[in-house]
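# Mind looking at a prediction? Sequence and model below.
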Amino acid sequence: VSDTFTTTHKDLEIIGSRIMCYKMNGYAIENPIHKITNSLTMHVYVESAPKDLLKSLRSTIEKHLPHSAVDFNTYTYSGVKAIQKTSGLKDFILVLPEHETTEMVLVRNGVISGNGSLPFGSATLARQLFGKQSSGIREAMQKSKNLVSGTLNTTELEQSTLLLKTIKENFLTDFRDVLWKMNYSLLFPSTIFVGGKSLASYCMLEWITQEKYANETFTVNGFKVAMLGGKDILMDKKNNKKISFAVAVSVIASETFEIGKNIVK
């Protein structure tokens, strides 16, 4: 798998290669070790990123943490496995809003079988709603939090409500387009999970739930949409244990140096 991927995607580096499912003689099996079979099929999910980007990130981090190993991972695979572990579901759609984009993942029979990206995220939404009235993205993001908490002033609330109508239509157009492209059959799993609890997450939860075309075209009884946040605790029914949905850790490194008379950070 690694050799094939490297040959066809020379500008990308594999940061994770996960075997999601083994099939022996056509039957799915948890552990194939020491077993004999006439045929073996493996479903592998490969995570990758541009080599130049990873090289830049590694060099910056290693300057500050020279004795630490640097590994990269994606949120998508972790989210899928956490949902499978805690809910037991094998068929669902995961929608993950990030800063500038939203990732959509289709899971069938426990295997990631399709994915796509939308030009919509927490920062994108904040910029569209409050960019003109804010000094920068931080202030716009804070106003997004105020909108969720209900502490936004009346004028900004009225303006954002009007803007959300246009943003909603653009998002749903992209949402339907991604659904069409990443599915090989007409009907989708009826369960959708929306990750995070930002303004973008709340909007997507409401918009997807109320969207008639997708609910009537891609499912039999409509989508059942649920929101999952990083602090949510779900119950593992088999072992009666509590398992958190996700844990994310990040390190931010910056340097300040002088070029001529300009200070660059």
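In hand now; what should we look at?

# Next SSE downstream of the strand or helix carrying residue 60?
When elements are assigned from DSSP states H and E, residue 60 belongs to helix 51-64. From helix 51-64 onward toward the C-terminus, using DSSP H and E, the following helix or strand is helix 75-87.

# Now do the buried residues in that following helix.
By neighbour count on 16 or more other CB atoms under 10 Å, the buried set for helix 75-87 is 76-77, 79-80, 82-83, 86-87. In short, each C-beta sits where N, CA and C put it, glycine included.

# Same check on stretch 89-96?
Applying 16+ other CB under 10 Å to stretch 89-96 flags 92-96 as buried.

# How about stretch 99-110?
Neighbour-count burial for stretch 99-110 [16+ other CB under 10 Å]: 102-108, 110.

# Tabulate these in a markdown table, adding columns for pLDDT, distance to residue 54 and secondary structure.
Shown next, in a markdown table, are these (pLDDT from 0 to 100; distance: CB to CB, whole Å; DSSP: H, G, I helix; E, B strand; the rest coil):
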| residue | pLDDT | distance to residue 54 | secondary structure |
| --- | --- | --- | --- |
| 102 | 90 | 22 | strand |
| 103 | 89 | 18 | strand |
| 104 | 92 | 24 | strand |
| 105 | 91 | 22 | strand |
| 106 | 92 | 26 | strand |
| 107 | 91 | 26 | strand |
| 108 | 89 | 30 | strand |
| 110 | 87 | 29 | coil |
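
# wait, which of those is closest to residue 218?
residue 106 (10.8 Å; CB to CB).

# Give me the nearest residue to that closest one, chain neighbours excluded.
residue 114 (3.8 Å; CB to CB, 6 or more residues apart in numbering).

# got a pLDDT number for the one you found?
Residue 114 is assigned a pLDDT of 85 by the prediction.

# count of neighbours near it?
17 (other CB atoms under 10 Å).

# List of residues touching the helix or strand encompassing it?
Assessed by DSSP H and E, residue 114 sits inside strand 111-118. With contacts defined as CB atoms under 8 Å, 6 or more residues apart in numbering, strand 111-118 is touched by 20-21, 43, 45, 76-77, 80, 101-107, 171, 174-175, 178, 181-184.
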